[in-house]
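Novice: I need the structure of the sequence given here:
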Amino acid sequence: MTTYGSFPGSRPRRLRTSPVMRRMVAETRLHAADFILPAFVREGVSEPVPIAAMPGVVQHTRDSLKKAAAEAVEAGISGIMLFGVPEESKKDALGTPGTDPDGILQVALRDVRAEVGDELLVMSDVCLDETIDHGHCGVLDDQGRVDNDATLERYAEMAQVQADAGAHVVGPSGMMDGQIGVIRDALDQIGREDVAILAYTAKYASAFYGPFREAVGSSLKGDRKTYQQDPANARESMRELALDLEEGADMVMVKPAGPYLDILARVADAVDVPVAAYQISGEYSMVEAAAEKGWIDRERAILETLTGIKRAGAQNILTYWAVEASRLLAAQR
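Specialist: Modelled structure (predicted):
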């Protein structure tokens with residue numbers, strides 16, 4: 001005689017029995033509109049330059065960047081975040097290419113806006129590290145330290161020239177105290193109240209930035225631990241969040257994404273503004289390297305990492321797989 005009470009009373013597996021069942025009960029859904037594509041444009045090159053540490057990612061020419069922006073529109077993603085890489089000879093102690101209307105980033109902004117108009121949110125990085133000869137995110141004082149307030153003056157001018165060049169959104173990434181308020185004031189002073197600010201609210205001093213340094217031709221000596229956040233700290237991020245919101249941030253971001261999902265979840269639970277996360281170069285490169293070795297299923301890993309970031313609370317994700325992930329999702333429908 002069968003003793004029915006010996007079997008499970010609840011069977012969660014019933015909701016995993018088929019692809020359509022799993023799709024119906026999925027709690028987290030990725031969509032192409034979640035994604036923002038970071039893209040690099042390099043001055044003075046006639047062909048795209050592959051980035052060795054980031055297989056599949058290049059430093060674009062002006063023409064190939066326009067093509068990439070058009071592909072992003074076709075894929076249905078929401079935005080493109082531009083980083084400019086000037087010629088090495090043009091870098092100086094003030095990061096002059098960053099405020100030159102004819103600097104590579106400003107030229108690229110005009111190119112992309114001319115190509116895609118308002119079909120794609122065109123975003124720009126407000127930071128000096130790509131344009132400054134010592135590679136730090138700000139100007140240095142006479143003792144070689146990053147001068148917070150002098151750097152704010154440079155950020156204000158950068159934001160203004162980027163807005164004039166066509167940026168819909170500016171992304172201050174240098175982690176200078178007061179940067180959001182100064183940039184908001186600077187934009188408003190030139191009548192660009194319409195330009196939004198995506199605040200890099202919690203940006204950690206991470207080991208995972210390594211490949212990005214190649215991507216932007218960084219000249220950095222030393223580290224950025226005096227201005228980027230200590231990976232050991234969580235409450236500090238909530239203080240940064242409160243300050244950015246008070247100063248006028250329209251959106252906030254956590255960077256990196258994967259190693260800081262706990263921070264992302266805390267930020268998302270605390271705010272009523274859009275929350276983004278940046279899946280950075282090292283996160284990308286680890287998956288690509290493991291896949292090249294045959295150690296993981298590349299496409300599944302891409303979507304799994306992105307799902308984890310969204311599940312933790314990101315409304316938008318900056319990822320180098322933005323276009324590819326959108327196509328993978330379309331193929332699943």
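Novice: so what touches the helix or strand encompassing residue 106?
Specialist: Residue 106 is part of helix 104-116, with elements assigned from DSSP states H and E. Contact partners of helix 104-116, identified using CB atoms under 8 Å, 6 or more residues apart in numbering, comprise 41-43, 62, 65-66, 69-70, 72-73, 80, 82-86, 97-98, 100, 120, 122, 124-125, 130, 161-162, 164-167. (Glycine included, C-beta is placed from N, CA and C.)
Novice: for the following helix or strand past it, buried residues please.
Specialist: Using DSSP H and E, the helix or strand that follows helix 104-116 in sequence is strand 121-126. Residues of strand 121-126 classed as buried: 121, 122, 123, 124, 125, 126 (neighbour count, 16 or more other CB atoms under 10 Å).
Novice: and the angle from strand 121-126 to helix 104-116?
Specialist: 180 degrees (axes from the mean of the first three to the mean of the last three CA atoms, to 10 degrees).
Novice: the worst-scoring helix or strand of the chain on mean pLDDT - contacts with which helices or strands?
Specialist: Ranked by mean pLDDT, DSSP states H and E, the weakest helix or strand in the chain is helix 210-215, scoring a mean of 73. Using 3 or more CB pairs under 8 Å, 6 or more residues apart in numbering; DSSP states H and E, the elements in contact with helix 210-215 are helix 281-292.
Novice: pull out the buried positions in the helix or strand following the helix it packs on.
Specialist: Where DSSP H and E defines the elements, the next helix or strand beyond helix 281-292 is helix 298-311. For helix 298-311, the neighbour count (16+ other CB under 10 Å) marks 301, 302, 303, 305, 306, 307, 308, 309, 310 as buried.
Novice: ok, the second one - contacts?
Specialist: With contacts defined as CB under 8 Å, 6+ apart, the neighbours of residue 302 are 287, 321, 324, 325, 328.
Novice: let me have the residues you listed in CSV, adding secondary structure, pLDDT and distance to residue 196 as columns.
Specialist: Putting the contacts of residue 302 into CSV (DSSP: H, G, I helix; E, B strand; the rest coil; pLDDT from 0 to 100; distance: CB to CB, whole Å) gives the following:
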residue, secondary structure, pLDDT, distance to residue 196
287, helix, 97, 30
321, coil, 98, 24
324, helix, 98, 26
325, helix, 98, 24
328, helix, 97, 29
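Novice: now these in TSV, with distance to residue 27 and neighbour count?
Specialist: Shown next, in TSV, are these (distance: CB to CB, whole Å; neighbours: other CB atoms under 10 Å):
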residue	distance to residue 27	neighbour count
287	23	19
321	22	24
324	24	18
325	19	24
328	19	17
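Novice: can you report phi and psi for residue 198?
Specialist: phi -100, psi 110 (degrees, to the nearest 10).
Novice: hey, where'd the helices end up in the stretch 1-150 of the chain?
Specialist: 19-25, 62-75, 104-116, 148-165 (DSSP state H, counting those that start in this stretch).
Novice: any idea of the angle the longest one forms with strand 121-126?
Specialist: This points to helix 148-165. 150 degrees.
Novice: contacts for helix 148-165, please.
Specialist: Taking CB under 8 Å, 6+ apart as the rule, helix 148-165 contacts 94-95, 98-101, 103, 105-107, 109-110, 113, 124, 126-128, 137-139, 141, 170, 172, 174, 176-179, 182-183, 185-187, 190, 192, 195, 227.
Novice: now that we have those, which of them are buried?
Specialist: Buried members of the contacts of helix 148-165, counted by 16+ other CB under 10 Å: 94-95, 98-100, 103, 105-107, 109-110, 113, 124, 126-128, 137-139, 170, 172, 174, 176, 179, 182-183, 186-187, 192, 195, 227.
Novice: show me where pLDDT drops low in the chain?
Specialist: Scanning the chain for pLDDT under 70 picks out 1-5, 214, 216-222.
Novice: what helices or strands is the helix or strand containing residue 277 leaning on?
Specialist: Secondary structure from DSSP H and E places residue 277 in strand 275-278. Applying 3+ CB pairs under 8 Å, 6+ apart, one finds that strand 275-278 makes contact with strand 251-255, helix 261-270, strand 316-318.
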